[in-house]
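>>> Generate coordinates for the sequence data below:
(chains A and B, ligands or ions: 2)
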Amino acid sequence: MSVLVYVDSPEGQIKKSGQEAVTYGRKVADMLGTDCVAVTLGDTNDAGLLGVYGASKVINVGDVSLNSFDSQAATSVIAQVASNVGANVIIMSHNARGKAVVGRLAARMDAGSVAGVNALPTNDGAFRVKKNVFSGKAIATYEIASENKVISVMGNSIPPEELGAAVEVESMSVEVPASKVTVKEVDTVKGTVPLPEAELVVSAGRGMKGPENWGIIEELADELAATTACSRPVADVGWRPHHEHVGQTGVAIRPNLYFAIGISGAIQHLAGVNSSKTIVVINKDPEAPFFKAADYGVVGDLFDVVPRLTESIKKFKAAQ
Amino acid sequence: MKLLVCISKTPDTTTKIAFTSDNSALDTAGVQYIMNPYDEWYALVRALELKEANGGTVTILNVGPAANDQVIRKGLAIGADDAARIDSEPKSSLYVAKQIAAFAKDGGYDIIFCGKETIDYNGSEIPGMVAEFLDMPFISYASKLDVAGNRATVARDIEGGKEIIELDTPFVVSAAKGMAEQRIPNMRGIMMAKRKPLKVVAPVDTLEGAVAVAYDLPPAKSAVKLVDPENMDELVRLLHEEAKAI
Ligand SMILES: Cc1cc2nc3c(=O)[nH]c(=O)nc-3n(C[C@H](O)[C@H](O)[C@H](O)COP(=O)(O)OP(=O)(O)OC[C@H]3O[C@@H](n4cnc5c(N)ncnc54)[C@H](O)[C@@H]3O)c2cc1C
Ligand SMILES: Nc1ncnc2c1ncn2[C@@H]1O[C@H](COP(=O)(O)O)[C@@H](O)[C@H]1O
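Ligands and ions are numbered 1, 2, ... in the order given. Got it, this is the predicted structure:
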């Protein structure tokens, strides 16, 4: 028995979400009195560093066909590795690749599965994990009674910890099925941290009045090295690109710090952001519903407040 | 083309959420239910558009009790040809996926559509499970889907962008925003929906999977701390010293 962590590595890079999954896996392994094995697929840079975050063994299945992602091939490979190392708890990040694999793998392994957990399990007689449900209006506890268990971990819920040292990567050859899909093209925004991974997010809404006013948002975001986001109507009318839209129908995020600027705080918006650790709301309407979900609030005109905030951050950084 | 659209029923986001006295289940009294938006707005509508362009049929499938017939009829009113309901409580993701797979197995469907996730439990597990049970490719979080003959081109949302993927039918796809535009059922659709076939199917026996056993409300948020708009230095100080966020 052991715990296997699938760490995805788009373009060969391991992300923070992968480190988080390994730390989570290690803590589950400690709880179950076993060890934590990490597996990466395709060419992966610095996979051995996963040892630092708690993996006692790192396996790479280096077949080049795994460099582009196919949920069907990935599932087959991970299941074979699990069987080779005798793992019956499989953990991964709840990100684009993890979400495509979590259900498949559970079906393949006859496993009970929970996707998007945000806390470590408990195991006093029954193996239980928690996740947010109903747009963050409740926390559900799931029991996984089956011997095999598959879990995906929400980003930014368990910080990566240094629990060990780098290890040698072991390669393992397993049967890699021929992929039935062809990835023709990968388009990603370069240079900024993608929203689901961002720790700092500056988000703005219809209070901005028009796309030409976004300069002050971008300056604030630049100063903080934050990623920008927006409310749905703003993306719908094309003031901002669709991938910035957060909320129930957009991207769900849980950064450490979320600035909501000129956003009213409709429940559908909150659904995607209310798990953020700290929320700052800037709105001229003291009755805006967002203030109820906020940790810090500024009642004022965003066109005055935001540039002033950017100045204060500059000053703060200079003094550090 | 033979298209299958898996639809689910979820509480409307604006519904107040409460639990039974022992906190083991949702208190359904007064809960407003809707068709899961990703299933309705994107999966179903794109399936209908493909049928309109290429001919074929669109079948709706739901795993749930008779009370779900209302959302199924809405799907028929939007334009699906027929529907099936597998008559069982949706006990867990694995259970539901097994039911869908058993239904679809010999159906000869070219594309099985799901939503990217349900807005109540946000599982995003069922579509992949169905694909695995049926040994089919699966494209998750698809924001665009075009089909020419039996070849499909799909845009899949990934962190900070998208992937463009090509594959042959049959496959399973989960729909995200962008795949289509919401359609509102018209009077004629609503009238016709009443006469469209809705088959009730018995469930197959299967494993139960992981089940929710208890619910808690999130810890109450402490009241917002208001900061003077003239004093952004103070906000920065609080974010640094108190929240440790910068
Ligand atoms: C099924 C469904 C799903 C939805 N999904 C989403 C989703 O995923 N994400 C999402 O965001 N929305 C979603 N919505 C829409 C949501 O209900 C709201 O309509 C939307 O979030 C409002 O956007 P907003 O806050 O930018 O605009 P508004 O509600 O118009 O708010 C603008 C705010 O700006 C403030 N303001 C104006 N001028 C200034 C100024 N000069 N200085 C400071 N403050 C100012 C106003 O006081 C106001 O609070 C969904 C709706 C439905 C029905
Ligand atoms: N009870 C159900 N009956 C039919 N399809 C369902 C059911 N539950 C979920 N689905 C489908 O699976 C998708 C993802 O659901 P989930 O994995 O629960 O987030 C939904 O968008 C639906 O398309």
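
>>> for the longest helix along chain B, the distance to its chain's centre please.
Criterion DSSP state H: the longest helix present in chain B is helix B:93-104. Relative to the centre of its chain, helix B:93-104 is centred 14 Å away, using Cα atoms, centre = their mean, to the nearest Å.

>>> need the contact list for residue B:48.
The contact partners of residue B:48, taken as Cβ atoms under 8 Å, 6 or more residues apart in numbering or on different chains, are B:58, B:78, B:79, B:80, B:183. Quick note: C-beta positions are derived from backbone N, CA and C, even for glycine.

>>> Just these: which are in strands?
The strands, defined by DSSP state E, take in residue B:58 from the contacts of residue B:48.

>>> would you turn the contacts of residue B:48 into a markdown table with neighbour count?
Listed next are the contacts of residue B:48 as a markdown table, based on neighbours: other Cβ atoms under 10 Å in any protein chain shown:
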| residue | neighbour count |
| --- | --- |
| B:58 | 26 |
| B:78 | 23 |
| B:79 | 21 |
| B:80 | 27 |
| B:183 | 16 |
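
>>> which among the contacts of residue B:48 gets closest to residue A:289?
Nearest to residue A:289 among those: residue B:183, at 29.6 Å, using Cβ to Cβ.

>>> Pick out the residue of chain B closest to ligand 2.
Distances between chain B and ligand 2 by Cβ to the nearest ligand atom are smallest at residue B:115, namely 2.5 Å.

>>> Look up the residues forming beta bridges with that residue.
Residue B:115 has these beta-bridge partners by DSSP bridges: residue B:175.

>>> And for it, the neighbour number?
Counted with other Cβ atoms under 10 Å in any protein chain shown, the neighbours of residue B:115 add up to 28.

>>> what's the answer for residue B:143, then?
As a burial measure, residue B:143 scores 19 neighbours (other Cβ under 10 Å).

>>> Quick check: phi and psi on residue 39?
Unless you meant another one, I'm taking chain A. phi -130, psi 140 (degrees, to the nearest 10).

>>> partner residues bridging it?
As for beta bridges, residue A:39 partners with residue A:6, residue A:59 under DSSP bridges.

>>> any idea which element residue A:234 lies in?
If you go by DSSP states H and E, residue A:234 is part of helix A:232-236.

>>> Which residues outside the next helix or strand after that helix are in contact with it?
Note on helix A:232-236: by DSSP H and E, the next helix or strand toward the C-terminus is strand A:257-261. Residues outside strand A:257-261 that contact it (Cβ under 8 Å, 6+ apart) are A:199-205, A:207-208, A:217, A:220, A:226, A:273, A:276-283, A:290, A:294, A:302, A:306, B:239, B:243, B:245-246.

>>> Pairing partners for strand A:257-261, with directions?
For strand A:257-261, sheet partners with direction are given as strand A:200-204 (parallel), strand A:278-283 (parallel), following DSSP bridges.

>>> Report whether the last one contacts ligand 1.
Same thing as strand A:278-283. Yes - counting by Cβ under 6 Å from any ligand atom, contacts between strand A:278-283 and ligand 1 involve residue A:283.

>>> Only the C-alpha atoms, please, for that strand, written as CSV.
Only the C-alpha atoms of strand A:278-283 are listed here, as CSV (Å, rounded to 0.1, in the frame of the first residue of the first chain):
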residue,chain,number,x,y,z
THR,A,278,-8.5,37.8,2.1
ILE,A,279,-11.0,39.9,0.2
VAL,A,280,-10.7,43.7,-0.3
VAL,A,281,-13.7,45.5,-1.7
ILE,A,282,-13.6,49.0,-3.2
ASN,A,283,-17.0,50.3,-4.1
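
>>> what's the average pLDDT for that strand?
Mean pLDDT, computed over strand A:278-283, is 98.

>>> Would you verify that residue B:3 is located in a strand?
Yes - counting by DSSP: H, G, I helix; E, B strand; the rest coil, residue B:3 falls inside a strand.

>>> Show the contacting residues for it.
Residue B:3 is in contact with B:47, B:50, B:51, B:56, B:57, B:58, B:59, B:109, B:110, B:111, B:112, B:113, counting by Cβ under 8 Å, 6+ apart.

>>> Next: residue B:151.
Residues near residue B:151 by Cβ under 8 Å, 6+ apart: B:166, B:167, B:168, B:169.

>>> Please repeat the previous calculation with a cut-off of 6 Å.
residue B:168 (Cβ atoms under 6 Å, 6 or more residues apart in numbering or on different chains).

>>> same deal with the one 4 residues further on?
For residue B:155, the set of contacting residues under the criterion of Cβ under 6 Å, 6+ apart consists of B:143, B:144, B:162, B:164.
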